[in-house]
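Okay, predicted coordinates and the sequence, questions at the end:
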Amino acid sequence: MAPFNIAYELLVTRLESFQLETNKPFNFTASPSQPQYFLYKFPQDVDSVIIKVVSDAVYPCSVVSVQDIVCPVYDLDHNVEFNGVYQSMTKQAAITVQRKDFPGEQFFVVFVIKPEDYACGGSVPSSIHGNVNRTWNLQRTKNLQVTIVPSIKKSVYIQAMLFSFLSFLSFYVGSVVVAFVHYIRVRRKASAERLSPESGSGIMTSSHPITASTPEGSSYGAIDESSSSGGRQLSSPERGPPAGSDTDSSVEEESDFDTMPEIESDKNVIRTKVFLYLSDLSRKDRRIVSKKYKIYFWNIITIAVFYALPVIQLVITYQTVVNVTGNQDICYYNFLCAHPLGVLSAFNNILSNVGHMLLGFLFLLIVLRRDILHRRAMEMKDVYTLDYGIPKHFGLFYAMGIALMMEGVLSACYHVCPNYSNFQFDTSFMYMIAGLCMLKLYQTRHPDINASAYSAYASFAVVICLAVLGVVFGKNDVWFWVIFSLIHVLASLALSTQIYYMGRFKMDGPDSDLGIFRRAAMVLYTDCIQQCSRPMYMDRMVLLIVGNLVNWSFAIFGLVYRPRDFASYILGIFICNLLLYLAFYIIMKIRSSEKLLPIPLFCIVATAVVWAAALYFFFQTLSSWEETPAESREKNRSCILLGFFDDHDVWHFLSAAALFFSFLVLLTLDDDLDTVRRDKIPVF
């Protein structure tokens, strides 16, 4: 109490505009000493409304709150968060309110101007540094405009769900049509062969395979001429050895000297030849290799279960905290297009991920069909299946399909409550998708020497660990970026060495710890300094030089700029490496006079077009957890599709389709080689 009496005057005025009306903007002014609140009553035919608040000025920082009709009204800086739903605000805010949450069918909209701005991203007040807070003054007034508009009706929810499912079910219809056309063509071809006068000798009569040696004098994967007269019953190197064998049964080349089996079976001799063919790298028993690649499928299912369950539990907790506390600063939604359903605050962001799950399952069905047809051909001992074309191993394709489905699940989990802490949920399986695509592309012509599932997933685990460390330490800690850049460069060099020497660059010798470095130094000195000779494997060298330049550029960029979005930074590294390798593969394929059939060509064009459209919507930033919640809301925008989906939802739709087409490119890219002998298919 004051030590003496104080005289004052109390002025009471009647507030004419206390009740807000639907679709009518209302302008007013608020200050720290003059908070404002207004009443709103739901019209009879409206079940949900959106409260939109805008201001021309960023500061002073303010808080918008929606409270039930209680007394007293919590309209002070220190208690506005005690009741209802609230958001901090700079220039824009939006809160969706449902009739079912207010039994009285009315509520207060409260506006509080904070005495300082650091909660909205402004400067830290001097009081935190121990001095007097001088930010409180009568000039901290803010002009605001509030508009309450009806939200969407239930029919829009139904239309959006039908659109989402039917759009991607059309891919199923298209796939069925393509499969039916392919079936008709195969049946017609089979009928034509039965009617052909040469049908007794098989379709291989006109081009009977001979045991032609490669330019290096090897004949791995060549087909024995002593086969039976039926073209579909020719002998195969994959049927010759017993299960578990790591050799093939190619006939020996006729020459003036004896071929030493020990040398011919030596991996160092085979894999370090200047000109490699697919038969050189597909010598292992098909059944053993197929089982090796099936481990990818079973392991990723295990990883998905153990990874997804804690994530689901965590985001449910996040959503519960938001619903209980009313603090809408926890999650970074696009509040101008966030449509709630049940306990979910932004159902549209979750629904838009259904495409990843549906198309991932469709890709699994397509791979399963190919797998079944391949097994039938193997049982019939079809020579084209046994000795021609790219060896068919479907384990990695199954893993890619599961990864695409899990990307949809985890992206939906992230969008339950998007924020800085759980962004890695949205990107973890993107790392796996990019990595699996690169592994599949490499496996295509290197089936015997591709990485095992255990080493591949262990590498992914290291990447995810680095992503988590980047979230924790990557903001301002220079030491983390130095260590990460060093690891990145060394890993690029080590992987380049393994690729260049086809896995034969070993640490051997008595001083094995330094053997790899000694050999690298010797190769560098002999080839580049002493002789200045042309690289032995020119194509591989060009790819690896470009790849290392790209990765070193990423490392330097990260070290200099230290981007806060570390998860996207790592994802950019993966995607750039994948695109680089895919471009190299297609260029080398065309350079080797191989063809692009209509289906893979269509998939390549569709992939490029859809990815371009998807990236356009991806870069339409609607929120950003790199900023404060109030600053993030400045980027919020209204829905653009069916009045239900925003730009980021369209990104979800298009990225799912783009990934699906990308997978089809890898699945069908080498279909033109199904009638080409493996000792005629170059390795690159």
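That came through, no problem.

Wasn't residue 52 part of a strand?
Yes - secondary structure of residue 52, determined by DSSP: H, G, I helix; E, B strand; the rest coil: located in a strand.

tell me the contacts of it?
Applying C-beta atoms under 8 Å, 6 or more residues apart in numbering, we find residue 52 in contact with 92, 93, 94, 146, 147, 148, 149, 336. Heads up, the C-betas are built off the backbone N, CA and C, glycines and all.

can you check residue 377 too?
With contacts defined as C-beta under 8 Å, 6+ apart, the neighbours of residue 377 are 384, 385.

Kindly recompute the last result at 6 Å.
Listed by C-beta atoms under 6 Å, 6 or more residues apart in numbering, the contact set of residue 377 reads residue 385.

Hmm, residue 636 is touching residue 333, no?
No - counting by C-beta atoms under 6 Å, no contact exists between residue 636 and residue 333, whose distance comes to 8.0 Å.

quick one, which of these two is more surrounded?
The neighbour count for residue 636 versus residue 333, taken as other C-beta atoms under 10 Å, is higher for residue 333 (27 against 20).

coming back round to it: kindly reformat the contacts of residue 52 as a markdown table containing pLDDT and distance to residue 547.
Rendered in a markdown table, the data for the contacts of residue 52 read as follows (pLDDT from 0 to 100; distance: C-beta to C-beta, whole Å):
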| residue | pLDDT | distance to residue 547 |
| --- | --- | --- |
| 92 | 91 | 44 |
| 93 | 92 | 47 |
| 94 | 92 | 45 |
| 146 | 92 | 55 |
| 147 | 92 | 53 |
| 148 | 92 | 56 |
| 149 | 92 | 52 |
| 336 | 91 | 42 |
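
Can you lay out the residues you listed as CSV showing secondary structure, distance to residue 464 and neighbour count?
Formatted as CSV, the contacts of residue 52 follow (DSSP: H, G, I helix; E, B strand; the rest coil; distance: C-beta to C-beta, whole Å; neighbours: other C-beta atoms under 10 Å):
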residue, secondary structure, distance to residue 464, neighbour count
92, strand, 35, 19
93, strand, 35, 28
94, strand, 34, 24
146, strand, 44, 22
147, strand, 44, 17
148, strand, 44, 23
149, strand, 42, 14
336, helix, 33, 19
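
Please produce JSON lines containing those, extended by distance to residue 38.
Formatted as JSON lines, these follow (distance: C-beta to C-beta, whole Å):
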{"residue": "92", "distance to residue 38": "18"}
{"residue": "93", "distance to residue 38": "15"}
{"residue": "94", "distance to residue 38": "16"}
{"residue": "146", "distance to residue 38": "7"}
{"residue": "147", "distance to residue 38": "12"}
{"residue": "148", "distance to residue 38": "9"}
{"residue": "149", "distance to residue 38": "15"}
{"residue": "336", "distance to residue 38": "20"}
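
And those, which is closest to residue 402?
For residue 402, the nearest member of those is residue 336. The distance, counting by C-beta to C-beta, is 35.0 Å.

Wait, that closest one touches residue 635, no?
No - in this structure residue 336 lies outside contact range of residue 635 using C-beta under 6 Å: 9.8 Å.

show me where the stretch 401-550 of the chain has strands.
When assigned using DSSP state E, counting those that start in this stretch, the stretch 401-550 of the chain turns out to have no strands.

Quick check: which ranges of it have low pLDDT?
Counting by pLDDT under 70, the stretch 401-550 of the chain contains low-confidence residues at 474, 501-537.
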